[in-house]
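K.L.:
based on what follows, work out the 3D shape:
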Amino acid sequence: MDRKEAIHLSDDEIEFYVDFELQSSGGIFDEKILRIEKHIIDCDSCAKKVSYEMKFAKEWEMWLHTSHKKNNNGLILGALEVLHTKLASEEIKNKVERWISTWKGYGQAAMKVLFDEQENGIRKLTGFIFDGMKGLTRPDSDWVFDYSTVLEPARDSLGDSLERKKYNEVFLKTATDLLTMNMKIKKSENKLEIIFSGLSEYEELPLVLLVSEVGSCPDIREFAFNDKEKKWVCIFDNLKKGRYTLAFEPVEL
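P.N.:
Below you'll find the predicted structure:
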């Protein structure tokens, strides 16, 4: 029987289906899943896309749990030392010097940032990675980041919603939960945006260090207070494709 050529599934529909396949344990299929599966049966092109996305999703989860297990703070410390010799602002220079001398390059928090980066044959990725990064942070830091999630309709008979992680967006959690901080990679704008809200304009916020792992000069930015929206904003724009290490200066907020 000839396979039908029809209107193809959107990327969101394929992602929705793959997430269900990986997270569910069977049960009742909802109408959307049934429609997608019927389309896959009739469309070779979409069947191939679904197969590729399923393979990628499995590799991605495995990669998250096996990559970057060995780390030291040499990359951060080296970047700070380079910046210390080039910075024009004495205020920022003094903060960097303290970061080097007092904290030996360890951060209040640290993470990997992938921007349209390919790793071990896996398709190009954009997102934050926290696995294996504790060795780069100060021992007493209470900063913990959690991925943003979106809820999808349930597939099983219990009627529970399923959560899907958004790897390009994270939120900060602390022991006191007084801080509200959101970090987001905006791929379409080549931008990394960090926003603190709920803090007064008189707070001292940390410097943010972004270090490319392909030899480009490291970049360090300050937060700026947006008086109209009453929030602190730090933006790294014009990001190039690649892998980065991002670290926050150790400060008490």
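
K.L.:
for Asn182, which non-adjacent residue is closest in space?
P.N.:
Excluding the flanking residues, the one nearest Asn182 by CB to CB, 6 or more residues apart in numbering is Ile195, at 5.1 Å. Backbone N, C-alpha and C define where each C-beta goes, glycine included.

K.L.:
helix, strand or coil for that neighbour?
P.N.:
strand (DSSP: H, G, I helix; E, B strand; the rest coil).

K.L.:
any idea what it is bridged to?
P.N.:
Per DSSP bridges, the residues bridged to Ile195 are Asn182, Val233.

K.L.:
wait, doesn't it sit right on Leu179?
P.N.:
No. When contacts are counted by CB atoms under 8 Å, Ile195 is not listed as touching Leu179 (11.3 Å).

K.L.:
overlap in contacts, these two.
P.N.:
Between them, Ile195 and Leu179 share no contacting residue under CB atoms under 8 Å, 6 or more residues apart in numbering.

K.L.:
give the contact list for the residue nearest to Asn182.
P.N.:
By CB under 8 Å, 6+ apart, the neighbours of Ile195 are 181-183, 231-234.

K.L.:
any chance of these in a markdown table, plus neighbour count and distance to Leu205?
P.N.:
Output for the contacts of Ile195, formatted as a markdown table (neighbours: other CB atoms under 10 Å; distance: CB to CB, whole Å):
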| residue | neighbour count | distance to Leu205 |
| --- | --- | --- |
| Met181 | 23 | 10 |
| Asn182 | 15 | 14 |
| Met183 | 21 | 14 |
| Lys231 | 19 | 11 |
| Trp232 | 21 | 6 |
| Val233 | 14 | 10 |
| Cys234 | 20 | 8 |
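
K.L.:
where do the helices sit along this protein?
P.N.:
11-23, 31-42, 44-66, 74-84, 90-101 (DSSP state H).

K.L.:
got the CA coordinates for the fourth one in PDB?
P.N.:
Translated: helix 74-84. Only the C-alpha atoms of helix 74-84 are listed here, as PDB (Å, rounded to 0.1, in the frame of the first residue of the first chain):
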ATOM      1  CA  GLY A  74      41.300  26.300  36.400                       C
ATOM      2  CA  LEU A  75      39.200  27.700  33.500                       C
ATOM      3  CA  ILE A  76      37.500  30.300  35.700                       C
ATOM      4  CA  LEU A  77      40.600  31.300  37.600                       C
ATOM      5  CA  GLY A  78      42.600  31.700  34.400                       C
ATOM      6  CA  ALA A  79      39.800  33.800  32.800                       C
ATOM      7  CA  LEU A  80      39.700  36.100  35.900                       C
ATOM      8  CA  GLU A  81      43.500  36.500  35.800                       C
ATOM      9  CA  VAL A  82      43.300  37.500  32.100                       C
ATOM     10  CA  LEU A  83      40.500  39.900  32.700                       C
ATOM     11  CA  HIS A  84      42.200  41.500  35.700                       C
END
